[in-house]
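Enquirer: Need coordinates for the following:
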Amino acid sequence: MPSAEYFRRQADICIRLSLIASNEGVSNRLITMAREYMASSEALDREKGAAPASVDPASVAHQSAPSGGDADPDPPTFHGPPDASGSSADS
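Expert: Down below sits the predicted model:
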């Protein structure tokens, strides 16, 4: 049986994917899945007598959702795969 932490990680993955999904239906389904995973996590926490780590995945998704046109001012740089010597091909 998966642990409560496993379900919390799955919920986090769903939320992260919902934020980058280009299809609203897919994004909404991922948020629903995150809620289901969190409910499973909280149920396991209750069974063990632990305080649940309660976060509403939808509120996280809506707070973190990018607003129209806001680009990351300092996007990460990709340097390509390492060559045979172990250094980056772009270095």
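
Enquirer: how about stretch 19-27: buried residues?
Expert: Within stretch 19-27, the residues scored as buried using 16 or more other Cβ atoms under 10 Å are 19, 27. Quick note: C-beta positions are derived from backbone N, CA and C, even for glycine.

Enquirer: so where's the chain uncertain?
Expert: When residues are selected by pLDDT under 70, those of the chain lie in 50-91.

Enquirer: so where do the helices sit in it?
Expert: Ranges of helices within the chain are 4-20, 24-48, 57-64, based on DSSP state H.

Enquirer: Would you mark the buried spots in the longest one?
Expert: Of all the residues in helix 24-48, those buried under the rule 16+ other Cβ under 10 Å are 27, 30-31, 33-35, 37-38, 40-42, 44-45.

Enquirer: Closest one of those to residue 17?
Expert: Lowest distance from residue 17 to these (Cβ to Cβ) belongs to residue 30, with 5.2 Å.

Enquirer: Surely that closest one and residue 12 touch.
Expert: No. Contact status for residue 30 versus residue 12: not in contact, 11.2 Å apart, counting by Cβ atoms under 8 Å.

Enquirer: anything in contact with each of those two?
Expert: By Cβ atoms under 8 Å, 6 or more residues apart in numbering, residue 30 and residue 12 have no common neighbours.

Enquirer: now the closest residue to residue 10 other than its chain neighbours: how far from residue 8?
Expert: Closest residue to residue 10 in three dimensions, ignoring its sequence neighbours and counting by Cβ to Cβ, 6 or more residues apart in numbering: residue 37, at 4.5 Å. When distances are taken as Cβ to Cβ, to the nearest Å, residue 37 and residue 8 turn out to be 7 Å apart.

Enquirer: now residue 33
Expert: Shown here: residue 33 relative to residue 8, a distance of 13 Å by Cβ to Cβ.

Enquirer: what's around residue 2, how many residues?
Expert: 12 (other Cβ atoms under 10 Å).

Enquirer: if I look at it, how far off is residue 8?
Expert: Going from residue 2 to residue 8 by Cβ to Cβ gives 10 Å.
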